[in-house]
Every structure is written in structure tokens, then in C-alpha cells.
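Participant: the following block contains a protein sequence and its predicted model.
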Amino acid sequence: MAFCSSQSPYLNPGIPFSGKIQGGLQDGLKITINGTVLYYNGTRFAVNFHSGYSDKDIAFHFNPRFEEGGYVVCNTKQNGTWGPEERKMHMPFQMGHPFELCFLVDSGDFKVTVNGSHFLQYSHRVPFHHVDTLSVTGAVQLSFIGFQSTGIWPVNSAPITQTVIHTVHSTPGQPFPNPVIPPVVYPTLTYPVPFFTSIPGGLYPSKSIFVSGTVLPTAQRFHINLRSGSDIAFHLNPRFDENVVVRNTQINNSWGSEERSLSRQMPFARGRSFSVWITCEGYGLKVAVDGQHLLEYSHRLKNLPAINSLEVGGDVQLTHVQA
């Protein structure tokens, strides 16, 4: 089984976005984009795979249009000239709602999934090995662009994905920083749930943790725990049966007082993708969901370096974890 290294993700990139794909497109590379479709800034957005930063050669143009009932245009541009359009007369995105958009590069085509469901395939019209740049424009806000090398696998066998776990540091006033430490890549069949991993060095001011996934359609609850040994320093617990996000701390098997109030509506929903960004500050934790601030939680366990493990469990499927 062959594995390629995965590059660090782009976190909370601005729009319009343009970034390099390290090593270019390769067979088995999976690119995941998490974001939210905006109500303003137009009725379209586009994801382009092209060579260099010029828009004269676009190997794959993926263009959802919220017009005429909604449809998606796919095309290729060579030497500044568009080829024939391929249209999918179905709109899998909803304005104002978060999404997870995945592109899997195969030898013959791009395979595209939206929110975990297969949407379309687009046959290569130009050699995809020449593609080394990804751009996103239009009416979207992005929280995450990640890269996974799924390797080469025999026909009729299941692909092996990779778990990317690494440490990131934040700059004051910037809740979604760029990673500064390269990821360590651990090949695995899937993200098991419950999922456990260490937090190297524990918590400290500017340390950040990122979790993204999809809430199961029949979900009742899931949780993200930051642990210190057998204690739970921070328990983030969306409950769909109560339509609330509970926060708490457990010390010596005893729960403290719950915090339930939010400054905005419940940001999680059954069947939808999400991204959670937890940033440690000296006074407490800041939590953002899908790129928007949600809450703050004062430290109840003061020994931050001892808070050195992450647990995710419940009715959720994980796609990315950085701790």
C-alpha cells in the first residue's frame, strides 16, 4: 500500500482564495472543503483546479449556481477558452447552511461528494498532474480546506484514508491561524468513534484544537472532551433531543454546574457537517463553530499542561481532527 504525505490544511481562508496544492494533483488525493453558502455576495460560487495562479487553464471548474431552481456547472478551460459545459440539474447546497465538499482525484475522473453523499463524476479532459493550484470564489465563507492522500489500492478493495493530527498555534485576534508545525500522518481505516488522541504538551494560551465531521441523521447527542487523566476539563455536548449545547467539567467523577446559554441559535443540526475550533486562552477556552464564535468557557481546572488528551464520542462521523 502506497501513501503520499498530506499537506497542512488551510484554515479559515479568505475569499477569493487561491492556494498551492503541494506536489500537484495525484491519483488518490482527496481535497475536503468545509464552509457555508452566504445569502449575500451573489448567487454563485466556484471551485477551480488549475495550473499556476493564472485562470487561462482550469482543469476542473465546479460552479454551483442558485438560479433557475439551482444547478451545478462543470467545465474545463484551455488556453483561455471554455469547453462544452456539463450541467447537473440538482442543487445539493443550501444558502445560509454549512457544507462539506470533497473532491477525490481518480485516474479517470474527479469524484465529488457533498455532505457525505456522492454527487457527480467529471472525466479528466487535460492531464491532472499539471494541476498545482486550488481557488475558490463567490458567495461562500470557508472554514477549512484539507488534503488527504488515500494511497493506491487494488480494484474492489476499500480505500485507506489517513488521519492527520498536528499542533497549531494562534495569533491573538485571529481565531483561525495557519498551522506552523507539519502534520504527522497516521494511516488508518477510518476515524473510530469514540475517538481518542493525545494533545502534545497539553493546553497553554494560543493552543488550538480543530474537529470536523458530520452529525448522524438520527443523532441524539455527541461530545468533545478535553481530558486531564480521569477528569474532564471541558465537556462540549450538543444535545439534539434538547436543542442545546451543554458545557461542563467533571472532577473526581463528579460533574460541576452546567452552562447552557448561547448568544446565538444552536449551530449543529442532524445530518449536517460541522467544524469546531477550540482556542485556549489564559482565562479560558473560546469555541467557534463553522467559523463563527459560539461561546467562551472559563478554566475550572487550572493546570493547563495536564489537560493533554482529546475524546470525541456519540452520534457523529469524524472527517478531520487536529490536536
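Facilitator: Structure received.

Participant: what about residue 226, neighbour count?
Facilitator: Counted with other Cβ atoms under 10 Å, the neighbours of residue 226 add up to 27. All C-beta atoms are positioned from the backbone trio N, CA, C, and that covers glycine.

Participant: just the mean pLDDT for the helix or strand in which it is found, thanks.
Facilitator: In the assignment (DSSP states H and E), residue 226 maps to strand 222-228. Averaged over strand 222-228, pLDDT sits at 97.

Participant: helices or strands up against that strand?
Facilitator: Other elements packing on strand 222-228 under the criterion 3 or more Cβ pairs under 8 Å, 6 or more residues apart in numbering; DSSP states H and E are strand 207-215, strand 231-239, strand 273-280, strand 309-314.

Participant: how about residue 252: what's its closest non-neighbour residue?
Facilitator: residue 231 (7.2 Å; Cβ to Cβ, 6 or more residues apart in numbering).

Participant: same deal with residue 35?
Facilitator: residue 142 (4.1 Å).

Participant: the one helix or strand the one you found maps to to strand 273-280, inter-axis angle?
Facilitator: Counting by DSSP H and E, the element that carries residue 142 is strand 140-149. Interaxial angle of strand 140-149 relative to strand 273-280 (axes from the mean of the first three to the mean of the last three Cα atoms, to 10 degrees): 90 degrees.

Participant: for strand 140-149, which strands pair with it and how are they oriented?
Facilitator: Under the criterion DSSP bridges, strand 140-149 sits next to strand 10-11 (antiparallel), strand 29-37 (antiparallel) in its sheet.

Participant: so how far is the last one from its chain's centroid?
Facilitator: Right, the one you point to is strand 29-37. For strand 29-37, the separation from the chain centroid amounts to 6 Å (computed by Cα atoms, centre = their mean, to the nearest Å).

Participant: do the same with the first one
Facilitator: In terms of Cα atoms, centre = their mean, the centre of strand 10-11 is found 9 Å from the chain centre.

Participant: ok, back up a step: least reliable of the strands paired with strand 140-149 going by mean pLDDT?
Facilitator: The weakest mean pLDDT among the strands paired with strand 140-149 belongs to strand 10-11, with a mean of 82.

Participant: rounded mean pLDDT for stretch 272-283, please.
Facilitator: Stretch 272-283 carries an average pLDDT of 90.

Participant: how about that stretch: buried residues?
Facilitator: The neighbour-count check on stretch 272-283 (16 or more other Cβ atoms under 10 Å) flags 272, 273, 274, 275, 276, 277, 278, 279, 280, 281 as buried.

Participant: out of those residues, who's nearest residue 250?
Facilitator: Taking Cβ to Cβ as the measure, residue 250 lies nearest residue 278 of those, at 17.1 Å.

Participant: can you tell me which residues contact the nearest residue to that closest one once chain neighbours are set aside?
Facilitator: Spatially, and ignoring its direct neighbours in sequence, residue 278 is nearest to residue 209 (4.5 Å; Cβ to Cβ, 6+ apart). By Cβ atoms under 8 Å, 6 or more residues apart in numbering, residue 209 lies in contact with 199, 226, 277, 278, 310, 322, 323.

Participant: the nearest residue to residue 103 once chain neighbours are set aside: neighbouring residues, count only.
Facilitator: Distance criterion Cβ to Cβ, 6+ apart; nearest residue to residue 103, sequence neighbours excluded, is residue 31 at 4.7 Å. Close neighbours of residue 31, defined as other Cβ under 10 Å, add up to 20.
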